[in-house]
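> Compute the structure for the input listed below.
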Amino acid sequence: METTNFFGKKFFLIIIVAISIYSIFIFYSDVNLVYEKLLDFNFSYLPIILTLIFVSWLFLFFRWNILLKNSNIHIPLKDNFLIYFAGFALSVSPGKSGELIKVILLKNKFNINKTTSISIIFVERFYDIIGAVIVTMLGLGYLGIEFLPAIGIAIFLIAFVLFSIYSKTCFNLLIKIMSNFKFLKKFTISAKNSHDVIKNSSSFKIGIFSSLLTVIYRLIESLAVYFVLLGFGIDIIPYIALTATYSSSIILGAVTMIPGGLGVTEASLAGLLSLQNIAIGTALVLAIVIRFFTTWYGVIVGFIALKLSRGLKQDDGKFIKTNK
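Numbering: from 1, shown residues only. Next up, the predicted model:
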C-alpha cells in the first residue's frame, strides 16, 4: 500500500536524522563521559520509570476515548486501545502529524468518517499544548525570570490555537497551509468540514476535563523524568521545577515543527538543566536518555500495537455507531 510505504520511508529518514543528532550530542559530551554515566545508572529505577510512562499514557487514552464518545463514536475497548497506541509509532513527526495513521486505521477497520477523526486528533494536539503550559506555569516560581520567553511563546500558541478553533476564517487558512505539505495534503479535504466537530470537542465541560487529564499525564511523565535523574544519582532539582523544565523543552520542540522536536527538544532540555547546576555534558546525556523513555519507548510500543491491530488491513462486517 502506497500510504504504508510513505510512512515507512518518512520514519526511517527520521531515525537516521535522530541517530545523527544524538551522535553529535554524544561527541560533544565526550564518549567516555557518556559511557561512564550509563554505567552509573541505577537500573533498579528502570521498572518504575517504564511503569510511570505507561500509566501516563493511560490518561491520554482516557482523553481520546472521551473525545470519541463526545462525537458519538463507540469502538470495542481492545480495538480502540490498539488503534490509539498505534498512533505512537509515528509520533516523531512534525506536530505529531504521523498520528494521523489513526485516521486510516479507524476508516479501514470501522469506516469512521475521516472528518470526525481528523478533528479529534487536531483537538488532542491543542490539549497537549494546554497541559504543557499549565505544568510549566506551575513550576515558574522555581525556574526564574530567564524562563519567561518560553512561557510567552507557549501562551501565544494557546491564544492562536483558540482563535483558530473559533474563527472559521483562520481555521480555513490553517487548512490551506497544511495542504502545502505532501503528507498532510491527503487529509485536508476531510479537515475542511471539521470545524464544527472541533468546536464541539473543545466545549467548556470537555475542555476542562480533557485539560485536566493532560495535566495529570504531564505530571506523571515528569515524575518518570525525575526518577531518570535519580537513577543517575542527581537529586538537586525539585520535582515541580523539573516538570516545568521538561515541559518547556517540549513546548520549544513543538514550536519548531521539526519531526519529534528532534535536536531542539534535547538541546533546550540540556540547556535548561545546565541552568540548574548540572554540567552541560551530563545534561546532554540526561536529555538523550530522558527522550528515549518519553519518546522512543512510545514509538516501540506503537509499532507493537500497530502489528497487533493488523496494521492497515481493512476489516469487514463490523458496525460502529457514529454521526456522519
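> where are the low-confidence patches of the stretch 101-250 of the chain?
Residue ranges of the stretch 101-250 of the chain with pLDDT under 70: 139-197, 199-200, 202.
> just the strands in the stretch 151-300 of the chain please.
In the stretch 151-300 of the chain, no strands are found when defined by DSSP state E, counting those that start in this stretch.
> Let me see the ranges of the helices in it.
Here the stretch 151-300 of the chain has its helices, by DSSP state H, counting those that start in this stretch, at 168-178, 182-191, 195-201, 204-231, 239-256, 264-274, 280-291, 297-308.
> For the last one, which helices and strands make contact with it?
Identification of packing neighbours for helix 297-308 by 3 or more Cβ pairs under 8 Å, 6 or more residues apart in numbering; DSSP states H and E yields helix 46-70, helix 77-86. In this view, the C-beta of every residue, glycine as well, is placed from N, C-alpha and C.
> Turn those helices into a markdown table, including mean pLDDT, mean neighbour count and distance to residue 109.
Listed next are the helices and strands packed on helix 297-308 as a markdown table, based on pLDDT from 0 to 100; neighbours: other Cβ atoms under 10 Å; distance: least, Cβ to Cβ, whole Å:
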| stretch | mean pLDDT | mean neighbour count | distance to residue 109 |
| --- | --- | --- | --- |
| helix 46-70 | 95 | 18 | 14 |
| helix 77-86 | 92 | 19 | 7 |
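> I'd like those as a markdown table, with distance to residue 272 appended.
Output for these, formatted as a markdown table (distance: least, Cβ to Cβ, whole Å):
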| stretch | distance to residue 272 |
| --- | --- |
| helix 46-70 | 20 |
| helix 77-86 | 29 |
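> So which of the helices of the stretch 151-300 of the chain is nearest residue 79?
Of all those, helix 297-308 sits nearest to residue 79, with 10.0 Å by Cβ to Cβ.
> Now do the closest one: everything it contacts.
Defining contact as Cβ atoms under 8 Å, 6 or more residues apart in numbering, one finds that helix 297-308 is touched by 50, 53-54, 57, 81-92, 101.
> Compute the inter-axis angle for that helix and helix 280-291.
Put simply, helix 297-308 runs at 20 degrees to helix 280-291, going by axes from the mean of the first three to the mean of the last three Cα atoms, to 10 degrees.
> between helix 297-308 and helix 77-86, how many degrees?
Between helix 297-308 and helix 77-86, the angle comes out at 130 degrees (the same axes, to 10 degrees).
> start the count at 899, not 1, going forward
Sure, I'll start numbering at 899, so the last one becomes helix 1195-1206.
> Quick one: neighbours of residue 1105, just the number.
By other Cβ atoms under 10 Å, the residues close to residue 1105 number 17.
> Also the one 4 residues further on?
Other residues near residue 1109 come to 18 when the count uses other Cβ under 10 Å.
> How about it, nearest residue that isn't a chain neighbour?
Distances taken as Cβ to Cβ, 6 or more residues apart in numbering put residue 1028 closest to residue 1109, at 4.9 Å, once the chain neighbours are dropped.
> Pretty sure the one you found sits against residue 1111.
No: counting by Cβ atoms under 8 Å, residue 1028 stays clear of residue 1111, with 10.6 Å between them.
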